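Undergrad: Here is my input; please provide its structure:
(2 chains)
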Amino acid sequence: MQERYNPLEIEKAWQERWSSSQPWKVSEDHDKPKYYLLEMFPYPSGRIHMGHVRNYSIGDVVARFKRLQGFNVLHPMGWDAFGMPAENAAIQHGTHPAVWTRENIANMRTQLKRMGFSYDWDRELATCDADYYRWEQLIFLKMLEKGLAYKKSAAVNWCPECETVLANEQVEEECCWRCDNKVVQKELDQWFFKITHYAEELLDETDRMPGWPESVLTMQRNWIGRSTGCEIDFSVYGSKQKIRVFTTRPDTLFGATFMSLAPEHPLAKSLTTSDHLREVEAFVSKVQSVDHAQRTSDDYEKEGVFTGSYCINPVNGAKIPVYLGNFVLMGYGTGAVMAVPAHDQRDFEFARKYELPVQVVIQPEGETLEAASMTEAWVGQGRMVNSGVFDGLDNETGKIKVTEFLENRGAGESSINYRIRDWLVSRQRYWGTPIPVIYCDDCGAVPVPEQDLPVELPTDIEFSGAGGSPLAGLESFVNTHCPKCGKAARRETDTFDTFVESSWYFMRYASPKFNLAPVDREAVNYWLPVDQYIGGVEHAVMHLLYARFWTKIMRDLGMVSLDEPFENLLTQGMVCMETKSCPKHGWLYPEEIDNGLCSRCQNTVVSGRNEKMSKSKKNVIDPDGLINRFGADTARLFTLFASPPEKDLEWNEQGVEGCSRFLNRVWRLVYENLPIIKDADQVNVEQLLPAARELRRQVHRTIKKVTEDIDGSFHFNTAIAAVMELVNSISAFPDKQSAPEVMREAVESVVRLLSPFVPHIAEELWQNLGYDDSLEHSRWLVWDENALSAETLLIVVQVNGKVRGKVTVPADADKGAIEAAALADANVARFTEGKNVRKVIVVPGRLVNVVIG
RNA sequence: GCGGGUGUGGUGGAACUGGUAGACACGCUAGAUUUAGGAUCUAGUGCCGAGAGGCGUGGGGGUUCGAGUCCCUUCACCCGCACCA
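TA: Model prediction:
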């Protein structure tokens, strides 16, 4: 055995071995319990970053651990390979997106292998392969048939920078999720997936997903945004037209004193009387000139204009004026709101501004509201008043009764409204899955026949960077014939949102080479659902909601029998580092700093906040550099040890060195003790001296702790800490020579317990301990309950809740004996002397509290 | 505004069903060894105090023999949604 730990050398050797033996290649095996462990696949940007290192290190621990526990573990890896950066690279450097992507994949695959992650590389897939996206196109065709995919013209989010439309989920604070530029609204004809059809199921299911973090479920619930209420028809005075409103407060219907319509409401024009025409037109154009961001901002002043028309309240026949309101959104509910100023704050402000009547119809418990003196709306509970036959009802009952009343008269019906909109999936970009549709002047939009799939993305394409999809200018792609009538026709040139590919890749992994259908049912039945999914919380709504939706689509198309794709979800925290900047040169990379000075101008470097690692702020650590200095095992160990997975991880150079030191210590532990333990036998439990017995106790306690910390909770940091403690104890163990068997068990346990975290060094040490077979083929350690129990226990003695002494008692001592020992302690006696002992609380195995007074 | 989360030493973080707060690691201090070390080893390290002891888990209050943990209240920061009718 070598004296020095040489991580680079041993890691290379083990990786070569793994590369040829493919130890993690799996197939369906019905004799073993399956375990599907998945980490979110990366976009092939070219190089892995610390976020990947963390994500995949966490996953790899679980994969290796589950394998050692006897599970048949599916642990695949692949590439989310379509997307904008490839196109930008093409425009900037003239490299074809396909070439750029392939090169990046090759690089990143090498990097992942250098980290020692245990993937079944045989199942590797890239979403830009026609063998992958052809199945997506097929599913799309089936969705078209069922009406789950459709095209419509709508006001959509347009990112001028990316020159494409975006789904609602992909707009963050009015900015593009990818490039962070302002998004504008545009009326465009686009493809949608009917996710709203599944809103109910997607929402209800969240109550039955105990394996997901509550925060993610909450975000999804908020995003889906169900509100229950009813829709009510108000007929227009002197006309046959009706205005339909949605409200969650039918109990306040008697308090409606006016109506507010969105400026874009289809009836807005026809309801405007000639004498109000000028004001209304001025108002509408003013609202339209304001962008969406401003219009929905907090301090945007509520304004409106009277149309000149009136409508009739269906419950009391009241004639109320119809206004247009700048705060009413056409995109939610029906675009029309019955205004109840006494019980809605917006309506209240509007009413006060335009001097419209306020009618109280809900009286709160214990006070009496007067419309004239109110300073804000009462939005809470109460009893109904001024509401005809409903007077006296509590308002919650009133909601039901009023709705029933309306239903009986055909003036309304109960209704559920969702905030979520259908998923806009078409993108005006090249590097994506072509949408398999052909436009014919006579037949309209015609689906590409199944036998003509895949519609392959052409590669002979020019990237001018001039804007618009390059596909649209490629005559050889665009010009085709109508599958129905054979006439000359044009292909759809939009491609799918790349979130479509990531919505089902986890199912394709079950049978990545299957060529008869998107997935092999049998394989999916065996492997799915994913037992543990791990990734960043930034996908809480987008990817995770789309993937749930798509799973239900495939289920309803009869392709899989699965309701939910991910049994357990772990959202890992971000990897953060302090930003550094120079007053002259701005943000600085760590390697641009010498002793706290900017290496270019010698100015003092200013430390900024701890923030998520990002290239733009240069607070990044390159994984390759880290591996070159310390080895992959140290990199893995640090990311796992520095904080629990769900929390943010603060990068710390010294912490990395500490982990490297620890692995060196483990290496020495084996090296130095090898002469003692080399020929040691099994432990003979009967003949152990107390110190050896104690060490062995700690060995088994550690096995138990590491097992439990990994298994349920992923508390790798405490698991590693426990092994560190064990290493410290073994080093300090005085009787090494006289207890070689215990030493061997202890040292071997350290190696085996560390193997899921730092597999290379563990395998190497294992071999040096004299084993020919890989640790991969061994079983995870099981602790011996008998070894855990101690002969004596340390009991803390408190006087009035303050620790005053500690006594050691036999493990089987009864309460009386413990109490006697406690009271006999000299320091305890100092505090109890001459005092009245009122009570003694004895918690066996823990403490004694003497209450004096 | 609504919803969710987090506050513990100089730092990252531990603490099972209420039962020794600060495991483990980093950093720091002193010493040993070394030509030197970003190597290794030993001892120490929450704060105040010479000590006995006192004080300590964002702040205030409560329940309890006993509270980081339970209850009430308040503050700060982070995340998501936000004129959603």
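Undergrad: Which residue ranges of the stretch 251-400 of chain A form strands?
TA: Assigned by DSSP state E, counting those that start in this stretch, the strands in the stretch 251-400 of chain A fall at A:258-261, A:304-312, A:319-325, A:336-339, A:362-363, A:383-384.
Undergrad: May I see these organised as TSV, with distance to RNA strand B, mean neighbour count and mean pLDDT added?
TA: All C-beta atoms are positioned from the backbone trio N, CA, C, and that covers glycine. Putting the strands of the stretch 251-400 of chain A into TSV (distance: least, CB to the nearest atom of the strand, whole Å; neighbours: other CB atoms under 10 Å; pLDDT from 0 to 100) gives the following:
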stretch	distance to RNA strand B	mean neighbour count	mean pLDDT
strand A:258-261	7	24	94
strand A:304-312	11	21	94
strand A:319-325	8	21	94
strand A:336-339	4	26	94
strand A:362-363	14	22	92
strand A:383-384	16	22	92
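Undergrad: Nearest to A:Glu776, out of those strands?
TA: Using CB to CB as the measure, strand A:336-339 is the one of the strands of the stretch 251-400 of chain A that comes nearest A:Glu776, at 64.4 Å.
Undergrad: got the CA positions of the closest one in PDB?
TA: Taking C-alpha atoms only, strand A:336-339 is exported to PDB below (Å, rounded to 0.1, in the frame of the first residue of the first chain):
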ATOM      1  CA  ALA A 336     -66.500  41.600 -15.900                       C
ATOM      2  CA  VAL A 337     -66.900  42.200 -12.200                       C
ATOM      3  CA  MET A 338     -70.000  43.000 -10.200                       C
ATOM      4  CA  ALA A 339     -68.900  45.800  -7.900                       C
END
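Undergrad: RNA strand B contacts on the stretch 451-600 of chain A?
TA: For the stretch 451-600 of chain A, the contact set with RNA strand B under CB under 7 Å from any atom of the strand comprises A:537, A:540-541.
Undergrad: from the middle of its chain, how far away would the strand or helix carrying A:Arg830 be?
TA: Following DSSP states H and E, one finds A:Arg830 within helix A:826-832. Distance, stretch centre to chain centre, for helix A:826-832: 56 Å (CA atoms, centre = their mean, to the nearest Å).
Undergrad: contacts for it?
TA: For helix A:826-832, the surrounding residues in contact (CB atoms under 8 Å, 6 or more residues apart in numbering) are A:797, A:799, A:804-805, A:822-823, A:850, A:852.
Undergrad: thought A:Glu564 was touching A:Tyr533?
TA: No. Judged on CB atoms under 8 Å, A:Glu564 makes no contact with A:Tyr533 at a distance of 10.9 Å.
Undergrad: more neighbours, those two?
TA: A:Tyr533 (24 against 21; other CB atoms under 10 Å).
Undergrad: Tell me who's in contact with the nearest residue to that one once chain neighbours are set aside.
TA: Distance criterion CB to CB, 6 or more residues apart in numbering; nearest residue to A:Tyr533, sequence neighbours excluded, is A:Phe566 at 4.2 Å. Going by CB under 8 Å, 6+ apart, A:Phe566 touches A:211-212, A:506, A:529-530, A:533, A:544, A:547-548.
Undergrad: Would you point out which residue of chain A is nearest RNA strand B?
TA: A:Gly658 (2.6 Å; CB to the nearest atom of the strand).
Undergrad: what about that residue, which helix or strand?
TA: helix A:653-677.
Undergrad: Could you point out the helix or strand that follows that helix?
TA: According to DSSP H and E, the helix or strand after helix A:653-677 is helix A:690-708.
Undergrad: which helices and strands sit right next to that next one?
TA: helix A:716-732, helix A:740-754, helix A:785-788 (3 or more CB pairs under 8 Å, 6 or more residues apart in numbering; DSSP states H and E).
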